[in-house]
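> output the structure for:
(2 chains)
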2 protein chains.
Amino acid sequence: MKRILFILTATLSAQVTTDDLKRAAPSDWLHYSGQYHSQRHSLLRQVDTANVKHLVPAWIYNIRGARRLESVPIVADGVMYVSQTDEVYALDARTGRLVWDWRHSNPLQRGPNRGVALFGNKVYIGTSDAKLVALDARNGSVVWTAKLAEAADGYWCPVAPLIVNGKVIIGIAPGDHGLNGFLDAYDAQTGERLWRWNSIPGPGEPGHETWPGDSWKTGGGNTWLTGSFDPELNLIYWGTGNPAPDFDGDVRKGDNLYTESMIALDANSGKMKWYFQFTPWDVHDWDAVEIPVLVDAPYQGVTRKLLVQANRNGYYYVLDRVSGKFLHGTPFINKLNWASGLTKEGRPIRVPGIVPTVQGVKTCPSTSGATNWMSPAYNPDTGLFYVVAREGCGINTKSRDTFRPGGFPFMATGYTESPADPWQNYVRALDLTTGKLRWEYKQTGVKLYGAGLLSTAGNLLFAGDDQGEFTALDARDGKELWHFNTGQQITASPVTYGVKGKQYVAIAAGSNVVAFALHE
Amino acid sequence: MKRILFILTATLSAQVTTDDLKRAAPSDWLHYSGQYHSQRHSLLRQVDTANVKHLVPAWIYNIRGARRLESVPIVADGVMYVSQTDEVYALDARTGRLVWDWRHSNPLQRGPNRGVALFGNKVYIGTSDAKLVALDARNGSVVWTAKLAEAADGYWCPVAPLIVNGKVIIGIAPGDHGLNGFLDAYDAQTGERLWRWNSIPGPGEPGHETWPGDSWKTGGGNTWLTGSFDPELNLIYWGTGNPAPDFDGDVRKGDNLYTESMIALDANSGKMKWYFQFTPWDVHDWDAVEIPVLVDAPYQGVTRKLLVQANRNGYYYVLDRVSGKFLHGTPFINKLNWASGLTKEGRPIRVPGIVPTVQGVKTCPSTSGATNWMSPAYNPDTGLFYVVAREGCGINTKSRDTFRPGGFPFMATGYTESPADPWQNYVRALDLTTGKLRWEYKQTGVKLYGAGLLSTAGNLLFAGDDQGEFTALDARDGKELWHFNTGQQITASPVTYGVKGKQYVAIAAGSNVVAFALHE
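Sure, this is the predicted structure:
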């Protein structure tokens, strides 16, 4: 059979329902983080610790012009939807053949894009000119476009949307430009905006008192990474980014709510049920957008609805996700010099002097973070939470900056790598409720970026790194079982899915999407 | 074992001798075309028609910034040397790990580069500013640099050098700028130029009479693809390119020697032993640089030293390579309208009116050629010559152009694809001495470019195409046995080699070099 005769194995009418999104069948990968609880743990077990050595590339799809994809593919019924900035590609998930592509004509092309969402017969993507676009999943034609914010102000949208009860939930970027964040809900059918939650409370609103003078107007607090959802509680959990200006806290003395927080919003109304602020008055650009992972597990003898997060500030947090109550927090990195611990309410106890100066102050973890956008994972069989942890410090400096509208950085200077404390990434396995280190795996690569994790019922943990290595570890002890060098820096998170009885593991590596399967 | 502990499996002192180059051990790939006879047929047979279905990617190396590599890797003692324009990468051929790289600082960056050559402890590369550079094979440091021509005039060197008896043989580009070609020999140790053969004879030299007036001064005739060598005859065979201006033959009425020719040069002196001109007075830009393949085979009952070439003009030629005598010629494409046949001396019988006009004239094959730089192969077991053949026509136009020094096209207009005769590539297997079609395989992809072929003793023929498909065919009947989509356009030629008892097949695909091996 010639390749040109290949028939697409999949139907192209996805018809993804709310029940489908709740169930998240293992053969699909329907959410940015796999399931609403964002555990990134797949029940597929065809590939396991015994046979993973037979995992080989099944196909490669090159996205021309892409440099360093951060996109997580969405897979439904044998079709993969993968994005880069302002572009969507629908691929036959078995062969990598292009079904359709869509390119948004937009000279801005601010990147990256982290992925699409799927609901009904539509594919949803945020664009670099701050729009939300709904495409027909069958052919990539535009169904509707909603404006999220003024692109001319400097807003753009790298966020993979989250579909909740027929609504498209989507955040915005960048807080580093002094633009205030929000979280929006749009009607998935019509594109009508149903609610908006603003990160920075205005005059008269609770929390406004944490901003002196007019500083709230340029407070930042963006929402640039996808959150989680608890269908029973009907609560959306979403992390918020740093306050602006990033490194000069003198002009915004106060807690700067609701930056650097986990927020729980009622999915119907967008009203905030609770918040927990990880880093009040952050001066180190430690966005708290890291994926909230929802687990129901025994905590001190009682099964509770937990929300855990490994935060860019270096602490691992265990919260009660019904109330937002802080239960436990502990560092997951060794090099941490900015806080001596957490109060019993979870508030950091600051070490005096670890704030940026004009000359520069050594700060651990660095601003690139103890972790960052790279997705964590949780395996209910091992009870371990997996995170890409970065050891190392930065030299953080500050200046006095003036806000300018139109998309200019409002950071008040920045950071460099501390020569004495170079950055090194590890995959670390933490006990879910205590955060204690169970094992670690040292990764290759020392650059600014990292890649996310995938857990599977085959007791595997998949990880990538910026030297192009894609690696399978034993989820129980971190032993390396398999690796393949994809040839390009990996800064995305892997997914797994099944087509016609075969399990695939796929990841974006540089400009390529590579899908692996067992060699027959 | 962690990946960072990998030890390079190879020695880094190549010490390739003249005997090594003559022998061309199957575990190495020492020449652009594999061996001096350019058959591109490897005696490696670990991968064969029965097990090729178990061929999987072993590693991928990404050359950052590369777009469409045309480079053929050179492999010696487990180290692969692969190039793009003004850059060389030495890789562990077993793992794809970088050993060293070299980048030539040169703002011109005219591409492509088709590969390096290896001799002694040195790696040789032509640069886009028309230099020949010798690098230390152990670390990539520059040993010497020789100037081939004036880069400011517009010259550049995409040619993979050929090493002959301690000399570096290298050609030049581009004839399309009205710059006259030559073939040079440099002392491999010192970089001293030993001889130069000029494509266009000057006043008083034989062949000068084929150029009216001053037209010889801008005659073109470049040497941009690597030739072959017969150690017994001590003859170098090299094809020459088109005359300039390409499409306006009115200003250069005559045969335009030695453009569009196969030339045989004495390797010691560079003196021309014979020439055979395929297309006298070419007006279709049908460079005759296609690889000359040397075969000793029975011809009409007598074993002769043959040279065969599938020419861009659509004819397959069989020559006696001792004398240059034309033995046989026949079209290897169906769409050919410019000649009604060949005389018994091999000269084309022109069809009147198939010359470019201002309005445009349909010309078959098109200027992109019945074939082009993509390498052919010959399998002595099947007795078949394999070529990537392109069916289709162009609309060729002309204008009056004026030569300008400094690297400006001197083409006198060009060609477009004929809408009624779109281009389609085939892998075709021809009987060596009759040129009769034995089988054909239709490739995917219809663009300007094509990829070369590799024959192996496992009765396999490897081919690539511009949709990224890398394919293994049964050399006997053209049946497709295996394919893998590399995700990027393939415009290079594959190679094979062995490391530690394992056979690898490697090819540059887009910006990647991908090496395949049997899955264990």
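> just to be sure, A:Lys53 is in a helix?
Yes: applying DSSP: H, G, I helix; E, B strand; the rest coil, one finds A:Lys53 inside a helix.
> please name the nearest non-neighbouring residue to it.
With Cβ to Cβ, 6 or more residues apart in numbering or on different chains as the criterion, A:Lys53 has its nearest non-adjacent residue at 5.4 Å, and that residue is A:Trp482. No exception for glycine: its C-beta is placed from N, CA and C like everyone else's.
> low-confidence ranges, chain A, go.
Along chain A, segments meeting pLDDT under 70 span A:1-14, A:446-447.
> 50 - rerun?
Residue ranges of chain A with pLDDT under 50: A:1-11.
> and the residue in the stretch 201-350 of chain A positioned nearest to chain B, what does it touch?
For the stretch 201-350 of chain A, the residue closest to chain B is A:Asn334, as judged by Cβ to the nearest Cβ, at 19.7 Å. When contacts are counted by Cβ atoms under 8 Å, 6 or more residues apart in numbering or on different chains, A:Asn334 is found next to A:Glu391.
> for chain A, what lies in contact range of chain B?
Counting by Cβ under 8 Å from any Cβ of the partner chain, chain A comes close to chain B at A:1-4, A:54, A:56-57, A:59-62, A:95-96, A:442, A:444, A:467-469, A:471, A:480, A:483-488, A:510-513, A:519.
> I would like a ChimeraX command selecting only the buried ones among those, please.
The buried subset of the residues of chain A next to chain B, as determined by 16 or more other Cβ atoms under 10 Å in any protein chain shown, is captured in ChimeraX by this line:
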select /A:3,56,57,59,60,61,62,95,96,444,467,468,469,471,480,483,484,485,486,487,488,510,511,512,513,519
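> now, the residues of chain A next to chain B that are in helices?
Among the residues of chain A next to chain B, no member falls in helices (DSSP state H).
> for the residue nearest to A:Lys53, list each beta-bridge partner.
Here A:Trp482 shows beta-bridge partners A:Ala472, assigned using DSSP bridges.
> likewise for A:Tyr237?
A:Ser228, A:Ala264.
> and it, what does it touch?
Counting by Cβ under 8 Å, 6+ apart, A:Tyr237 touches A:Gly227, A:Ser228, A:Phe229, A:Asp230, A:Met262, A:Ile263, A:Ala264, A:Pro292, A:Leu294, A:Leu307, A:Arg321.
> now swap in A:Tyr449 and tell me
For A:Tyr449, the contact set (Cβ under 8 Å, 6+ apart) comprises A:Arg68, A:Asn372, A:Asp466, A:Gln489, A:Thr491.
> just checking, the second one touches A:Gly314?
No: no contact is recorded between A:Asn372 and A:Gly314 when judged using Cβ atoms under 8 Å, the distance being 11.9 Å.
> for those two, indicate the residue with more neighbours.
A:Gly314 (28 against 20; other Cβ atoms under 10 Å in any protein chain shown).
> distance of the nearest residue in space to A:Asn198 that is not next to it in sequence relative to chain B?
Spatial nearest neighbour of A:Asn198, chain neighbours left out: A:Phe182 (5.0 Å); criterion: Cβ to Cβ, 6+ apart. To chain B, A:Phe182 is 37 Å away according to Cβ to the nearest Cβ, to the nearest Å.
> circling back: and the residue of the stretch 201-350 of chain A closest to chain B, what element?
Counting by DSSP states H and E, no helix or strand carries A:Asn334.
> and the gap between it and B:Asp474?
59 Å (Cβ to Cβ, to the nearest Å).
> rewinding a little: of the contacts of A:Tyr237 - the most surrounded one?
Sorting these by how many neighbours each has (other Cβ under 10 Å) puts A:Pro292 first, at 29 neighbours.
> hmm, A:Gly239 and that one touching each other?
Yes: applying Cβ under 8 Å as the test, A:Pro292 and A:Gly239 come out as touching, 6.4 Å apart.
> now do the same contact list for the residue of the stretch 401-520 of chain A found nearest chain B.
The minimum distance from the stretch 401-520 of chain A to chain B, using Cβ to the nearest Cβ, falls at A:Gly487 (3.4 Å). A:Gly487 makes contacts with A:Gly468, A:Ala509, A:Gly510, A:Asn512, B:Trp59, B:Ile60, B:Tyr61, B:Asn62, B:Gly96, B:Asn512, B:Val513, B:Val514, as judged by Cβ under 8 Å, 6+ apart.
> dump the residue contacts of the fifth one.
With contact taken as Cβ under 8 Å, 6+ apart, B:Trp59 is in contact with A:Phe484, A:Asn485, A:Gly487, B:Thr95, B:Gly96, B:Val514, B:Ala515.
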